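Asks: Turn this into a structure:
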Amino acid sequence: MPSNCINGTVDPSTSKEFRSIVVSMDAPEITLGIFLLVGCCFSIVPQHIKILKTKSVVGLSFLWMFLGNMNQFSGFINMFILKFPQIQACGVLGFKECGPSLLSILQAFGIWLFSFPIYILYLIFVRNDLKFIEKNSVKDSPAARKEYRYAQLFFLILVMFLSSVTLVVGILVSDIVGPCSHPTYIFGYSMGMLSTIITFIQWSPQIYRTIRDKAVGSFSIIMLCIQGPGSLINLYFLVFVSKESVSTWLAYLCSSVQVFILLALLIFYDRRNKRIAKELKESSTEEQDIHSGSPNQSVLNYKETHPLLYTQSPPSPQQQNNNNNNNNNNNNNNNNNNNNNNNSPQSRNQGILNSAFNSSYHENDREEYSDKI
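Replies: Residues are numbered from 1 along each chain as shown. This is a model prediction of the structure:
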């Protein structure tokens, strides 16, 4: 009695049986599949470029990379096992007939293959960030070191996961167990469910970090702008063209939703931070009033509401001399006013305000670089 194959057919052995399990596609559908294959792979390249260009991984979460690799590799293994009889069909029918059925497998493998190096780049360039932190004391250095050790540990766990799963799959699809056996089907379907579960939490660390930092950091908006619409087109291809199992495309559906959530957050904080920086630049014309002891309320409000974004360049030597002369003149005028007005309450209040502002201003100047980081 022939064994049931994982896609509901008997274990194929003849050309007719292999033809019955391959997916028939017309030219536009094949073109769409090839377009998605190339687009999915190269949509990750902007992230590589941004890390290599900045030599920094600030804003990236190693948990996001760890879970992402597990998710993508599990999804690939799910397709590889469920579609293994279609892979075998290439040896009987030729690539021309079986090739369209393998486009989804190639997409899943390509996404993982291009995503895995991001974790390696993270481990390489995070050392530059650690040196900067230790040199400038802008952050808790022991905590940063601890996070780096965790990143190394999770990378080791990831490598062990990839190796062990590859070994198990090799045994299952061999003659020892068989690609159409029930244990192979259970393992393949389970990998798809694991990919779906991981997808629910994969983007959570990166979404949390983006909300916490309120900044884009080293994350590539261009990558998500490509991946977002591409994930929806890929989902359509898997469901209606390639006719994949629900255990395969469900993970892509969950991933698409979270990609758009993260993309919306990154665009919001990028536009918000640029707007605030522009407003602070426009307020630079009031610097002389600030240094002369006349606090401007709008600038004070920015310092209170956006302490991480407020930057104030130090005055030039000429401005400093002018400010000192202005301060001396102000002091003389205040002394005269005090003598004439017998220490009026209004004068005393103004002196207190100036003194408090100058003290706070210079103290914040010393701390603003640390706070910004």
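
Asks: Contacts only, for N78.
Replies: Residues in contact with N78 (CB atoms under 8 Å, 6 or more residues apart in numbering) are G188, Y189, M191, G192, S195, S245, S247, T248. Every residue, glycine included, has its C-beta placed from N, CA and C.

Asks: out of the residues you listed, who's nearest E134?
Replies: Nearest to E134 among the contacts of N78: S195, at 38.5 Å, using CB to CB.

Asks: so that closest one sits in a helix?
Replies: Yes - S195 forms part of a helix when assessed by DSSP: H, G, I helix; E, B strand; the rest coil.

Asks: Next one, pLDDT for it please.
Replies: S195 is assigned a predicted lDDT (pLDDT) of 89.

Asks: same question for the helix or strand where L63 lies, mean pLDDT?
Replies: Assigned by DSSP states H and E, L63 falls within helix 62-82. Mean per-residue pLDDT for helix 62-82: 92.

Asks: Only the C-alpha atoms, please, for that helix, written as CSV.
Replies: Extracted in CSV, the C-alpha atoms of helix 62-82 (Å, rounded to 0.1, in the frame of the first residue of the first chain):
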residue,chain,number,x,y,z
PHE,A,62,19.8,41.5,18.7
LEU,A,63,16.6,39.7,19.9
TRP,A,64,14.9,40.9,16.7
MET,A,65,17.7,39.4,14.6
PHE,A,66,17.7,36.2,16.6
LEU,A,67,14.0,35.7,16.3
GLY,A,68,14.0,36.8,12.7
ASN,A,69,16.5,34.2,11.7
MET,A,70,14.7,31.4,13.5
ASN,A,71,11.4,32.5,11.9
GLN,A,72,12.8,32.7,8.4
PHE,A,73,14.7,29.4,8.6
SER,A,74,11.7,27.6,10.1
GLY,A,75,9.5,28.9,7.3
PHE,A,76,12.0,27.7,4.8
ILE,A,77,12.2,24.2,6.3
ASN,A,78,8.4,24.1,6.4
MET,A,79,8.3,24.7,2.6
PHE,A,80,11.3,22.4,1.9
ILE,A,81,9.6,19.4,3.6
LEU,A,82,6.1,20.0,2.4
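
Asks: Quick check: buried residues in the next helix-or-strand element following it?
Replies: Proceeding N to C from helix 62-82, the next assigned helix or strand is helix 84-93, under DSSP H and E. Within helix 84-93, the residues that qualify as buried by neighbour count (16 or more other CB atoms under 10 Å) are F84, P85, Q86, I87, Q88, A89, C90, L93.

Asks: Same list (those residues) but as CSV, adding distance to I221.
Replies: Output for the buried residues of helix 84-93, formatted as CSV (distance: CB to CB, whole Å):
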residue, distance to I221
F84, 38
P85, 41
Q86, 37
I87, 37
Q88, 42
A89, 41
C90, 39
L93, 43
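
Asks: of all those residues, which comes closest to V45?
Replies: I87 (27.3 Å).

Asks: can you tell me the helix or strand for R271?
Replies: Assigned by DSSP H and E, R271 belongs to helix 246-282.

Asks: Quick check: mean pLDDT of that helix?
Replies: Helix 246-282 comes out at a mean pLDDT of 87.

Asks: tell me what that helix is packed against?
Replies: Judged by 3 or more CB pairs under 8 Å, 6 or more residues apart in numbering; DSSP states H and E, the packing partners of helix 246-282 are helix 62-82, helix 182-202, helix 204-213, helix 221-236, helix 297-305.

Asks: what angle do it and helix 221-236 make?
Replies: On the basis of axes from the mean of the first three to the mean of the last three CA atoms, to 10 degrees, helix 246-282 is oriented at 160 degrees to helix 221-236.

Asks: List the buried residues in helix 246-282.
Replies: 247-256, 258-260, 262-263, 265-266, 269, 273, 276, 280.

Asks: Give me the residues contacting stretch 86-93.
Replies: Residues outside stretch 86-93 that contact it (CB under 8 Å, 6+ apart) are 12, 15, 18-19, 21-23, 80, 97-99, 101-102, 105, 179.

Asks: chain center to the helix holding R271, what's the gap?
Replies: Centre-to-centre, helix 246-282 and its host chain are 9 Å apart (CA atoms, centre = their mean, to the nearest Å).

Asks: could you check the angle helix 182-202 makes with that helix?
Replies: Relative orientation of helix 246-282 versus helix 182-202 (the same axes, to 10 degrees): 20 degrees.

Asks: what angle do helix 246-282 and helix 62-82 make?
Replies: Going by the same axes, to 10 degrees, helix 246-282 makes 150 degrees with helix 62-82.
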